[in-house]
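Peer 1: Provided below for reference: sequence and predicted model.
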Amino acid sequence: MKRRDFLKASVAAAFGAPLVADAWQKPSMSRPMQDSWFNEPWQGMYDPNDFICVKPAVHIIGTNRLGVWWKTKDIAVGWVDASQDGGATYRRYWLERDGVRSTNTCTHIAVIDDYDSSKPLKFRAVARPIAEYGRFGQVRYKGETIPGVNLKAYDVGIYAYEKFARERAKRYTGEEYVYEGEVAAVNPGDYNVVMFNDIHHTLGFYPELIKYAPKSVALAVFAGDILDHARSDADFDKHLSAPMAYVGKELRCLTCFSRGNHEMMGVYSRYVRDHIALFDDSFYGAFSIGSVRFAVLDTGVPTVREDPMLLDGYAMGPYLKRERRWLERESASEEWKSAEKRVAFAHIPPYPDTAKEYRSINSEIYKVVENDLSLLMAGHLHNGRYHKPGTMAKFPVVVGGGPYRTRSAKGNRIATMSVLSVKGDSLEVYQVGLDGKESFRMKI
C-alpha cells in the first residue's frame, strides 16, 4: 500500500471509521535493543531484543470494556487495531485522558469500550517510536517561521531539542512495531476461570500449572503476591506484566489482577498501577460474564502500619473506606442483584474471630456482601483448600496454595491453580497442584 493511501486509512480509523484489514502491514521486528534493563527473555513475553519488550496482555476492566497493556523499550506512540468480525475490519483504539492521547511514554494502554465477549477478538498492538520533536524545533509567529538563531529570547530549549531530534531521526526512521494477539469467544453459559496466587516471583510455576488448565478458559485471575516484592520498576515487567501476557496468550483468554500485600511492599509499590489497566483508576471493580457477576477486591495489607516515616507509607484506613463505599454501591446495583451467581476475587480472605492468625483489617469489606456472595476465591495463606460456608465466612471460600514458607508447614502448601467452572446457573470449583492432582472438587 502506498504511504498516502495508508495515511488516509489511518486518519479515517482515528475518527471512528472502520479500518480495513489491508490497511496494515507488519514491519520488521529485528531491531536490537541498545539500552537493555532486562537480564534475559522469558517465554517470549519479556524479550530484550524487541522494541515491544513486554508483550500485550488483555485486561478486563468492565463488562464490555478491556484494556490492552504493553511496554516499549523507548518512548513511542501506541494504539491497538482490533477486530471482532474475524479480521474483516479493524477499529482503532487508544487511551485518552483529558481529551489528549497518551504518548511520549514506554507503557501503553488501549481501551476497548465496545467489547462483546460472545465474539472472538483479534488485535494488533502497534508502537511507533517518536523520532523527532518537530513542534519544538521551530516557533511560528503570525504565520512565519522564525529561524532558530533569533530565538535566544525564547526559553524553549530549542537547540537541545534540535540535537535530540537529529539523534533520534538517525535511530528511528518512521517504522512501526506490531504484536498480534487474540482472545477466544466466550460461551456465556459454559466457560472456565482459572486463578493463580502467591507465585512470589517463581516464573517457572506458570508453564507447569497451565498444562492442567481446562478448555474454554474465559478469564485468568492473578490474585495477589504474584511478586515477592518489587526491587525495581522492571520487576513488575518481568514478574507481573509478562506472566499475564503469557497466560493470556497460551489460553487465549482475558486476564485481571487483584493486588496482594506483597505488591504493596517497598518504595516501588507505587508503580504497580503503571503495569496494568485499572477499573476506573482503581484496583477494585466489577464486571459480568454471562449470568455471573464478578467483583475484584483489593484487600491491601493484613496489619495496620500507617507510620508516614515507613518506606511503605501505608494509608489503608481511608483507602478501604473508599473501597467499601464502592462495594456498597455495587451490591445495590441491578447488575449485582439480577446475577444468577456472584463471585469475588481477593488476595486476603476473611479471618474468623476464633482464628489463631492475626485478624485482617479488611474483613469489614466482606460484611457488605456476606449475605449474597456465592463464592470467594482468595490466597495469602499458602494453604490450598475449600472452606464450606460457616467455617471461614458465611459464604464458601476457596484459598489457593503457595510455596512453603517453613519446613514445618502443614497442609497443601504448594503452588496451585484454582479453577471455577460456570455451567448455566451452577458453579463447580476445583484445585490442582504442580503434580496435576486435584486436592478437592466442589459444586456451589
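Peer 2: Perfect, I can see it now. The structure displayed is predicted, hence computed values, not measured ones.

Peer 1: Now for residue 52: which residues touch it?
Peer 2: The neighbours of residue 52, taking CB atoms under 8 Å, 6 or more residues apart in numbering as the test, are 29, 70, 71, 72, 125, 127, 177, 178, 179. In short, each C-beta sits where N, CA and C put it, glycine included.

Peer 1: where does the chain have low pLDDT?
Peer 2: Low-confidence segments of the chain (pLDDT under 70): 1-39, 132-162, 164, 303-313, 352-361, 404-412.

Peer 1: what's the domain layout of it?
Peer 2: Described in terms of automatic domain parsing, the domain architecture of the chain consists of the residue ranges 3-131+172-181, 134-168, 186-443.

Peer 1: And the longest one, end to end?
Peer 2: Pointing back at domain 186-443 there. This stretch, domain 186-443, spans 21 Å end to end (CA to CA, to the nearest Å).

Peer 1: quick one: the spatially closest residue to residue 131 that is not a sequence neighbour from residue 76, how far?
Peer 2: Taking CB to CB, 6 or more residues apart in numbering as the measure, residue 131 lies nearest to residue 172, with 4.1 Å between them; neighbours along the chain are not counted. Separation of residue 172 from residue 76 (CB to CB, to the nearest Å): 9 Å.

Peer 1: for residue 70, same thing?
Peer 2: On the measure of CB to CB, residue 70 and residue 76 end up 10 Å apart.

Peer 1: which residues do the two both contact?
Peer 2: Taking CB under 8 Å, 6+ apart as the contact criterion, the residues that touch both residue 70 and residue 76 are 108, 127.

Peer 1: Report the buried members of the contacts of residue 52.
Peer 2: 70, 71, 72, 125, 127, 177, 178, 179 (16 or more other CB atoms under 10 Å).

Peer 1: Out of those, which two sit at the greatest distance?
Peer 2: Farthest-apart pair in the buried ones among the contacts of residue 52 is 71 and 178; separation 14.6 Å (CB to CB).

Peer 1: Can you verify my assumption that residue 291 contacts residue 343?
Peer 2: No: Residue 291 sits out of contact with residue 343 when judged by CB atoms under 8 Å, with a separation of 11.2 Å.

Peer 1: of those two, who's got more company?
Peer 2: Neighbours around residue 291 and residue 343, counted as other CB atoms under 10 Å, are more numerous at residue 343. The numbers are 24 against 14.

Peer 1: is the more buried one in a bridge, and if so with what?
Peer 2: When bridges are taken as DSSP bridges, the partners of residue 343 come out as residue 294, residue 375.

Peer 1: and it, what does it touch?
Peer 2: Residues counted as contacts of residue 343 (CB under 8 Å, 6+ apart) are 193, 292, 293, 294, 295, 373, 374, 375, 376, 377, 420, 427.

Peer 1: any chance you could map the strands in the stretch 151-300 of the chain?
Peer 2: According to DSSP state E, counting those that start in this stretch, the stretch 151-300 of the chain carries its strands in the segments 177-183, 190-196, 217-222, 254-257, 285-289, 292-296.

Peer 1: any chance of these in TSV, plus distance to residue 90?
Peer 2: Conversion of these to TSV gives the following (distance: least, CB to CB, whole Å):
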stretch	distance to residue 90
strand 177-183	11
strand 190-196	26
strand 217-222	23
strand 254-257	19
strand 285-289	24
strand 292-296	28
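
Peer 1: Which one of those lies nearest to residue 63?
Peer 2: Across the strands of the stretch 151-300 of the chain, the minimum distance to residue 63, taken as CB to CB, is reached by strand 285-289, at 4.7 Å.

Peer 1: what's next to that closest one, contact-wise?
Peer 2: So strand 285-289 is in contact with 60-63, 65, 117, 186, 188, 191, 218-219, 278-279, 293-296, 330, 335-336, 339, 422, going by CB under 8 Å, 6+ apart.

Peer 1: Recalculate using a threshold of 10 Å.
Peer 2: Counting contacts by CB atoms under 10 Å, 6 or more residues apart in numbering, the residues outside strand 285-289 that touch it are 60-66, 117, 186, 188, 191, 193, 218-219, 254, 256, 278-279, 293-298, 326-327, 329-331, 333, 335-336, 338-339, 342-344, 422.

Peer 1: Nearest spatial neighbour of residue 393, chain-adjacent residues omitted?
Peer 2: Distances taken as CB to CB, 6+ apart place residue 350 nearest to residue 393, at 4.8 Å, with adjacent residues excluded.

Peer 1: need the contact list for the closest residue to residue 275 other than its chain neighbours.
Peer 2: Distances taken as CB to CB, 6+ apart place residue 236 nearest to residue 275, at 4.3 Å, with adjacent residues excluded. Taking CB under 10 Å, 6+ apart as the definition of contact, the neighbours of residue 236 are 54, 71, 107, 226-227, 230, 242, 263, 268-269, 271-276.

Peer 1: For the residues you listed, which ChimeraX command selects only the ones that are buried?
Peer 2: To isolate the buried ones among those in ChimeraX, judged by 16+ other CB under 10 Å, type:
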select :54,71,107,226,227,230,242,263,268,269,272,274,275,276
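
Peer 1: So which residues of the chain form helices?
Peer 2: Under the criterion DSSP state H, helices of the chain are mapped to 3-14, 134-137, 158-171, 205-210, 233-236, 242-251, 316-331, 334-338, 363-366.

Peer 1: Return the most buried member of those helices.
Peer 2: Ranked by mean neighbour count, the helices of the chain are led by helix 242-251 with a mean of 24 (mean count of other CB atoms under 10 Å).

Peer 1: count of neighbours near the residue nearest to residue 177 when sequence neighbours are not counted?
Peer 2: Nearest non-adjacent residue to residue 177, counting by CB to CB, 6+ apart: residue 51, 4.2 Å away. Around residue 51 there are 24 other residues, counting by other CB under 10 Å.

Peer 1: I'd like to know how far residue 51 sits from residue 172.
Peer 2: 9 Å.

Peer 1: From residue 78, how far off is the residue nearest to residue 177?
Peer 2: Using CB to CB, one obtains 11 Å as the distance from residue 51 to residue 78.

Peer 1: shared neighbours of these two, anything?
Peer 2: Between them, residue 51 and residue 78 have 72, 127, 128, 177 as joint contacts when contacts are counted by CB under 10 Å, 6+ apart.

Peer 1: Next step: those restricted to strands.
Peer 2: Here DSSP state E is the test, and the shared contacts of residue 51 and residue 78 give 72, 127, 128, 177 as lying in strands.
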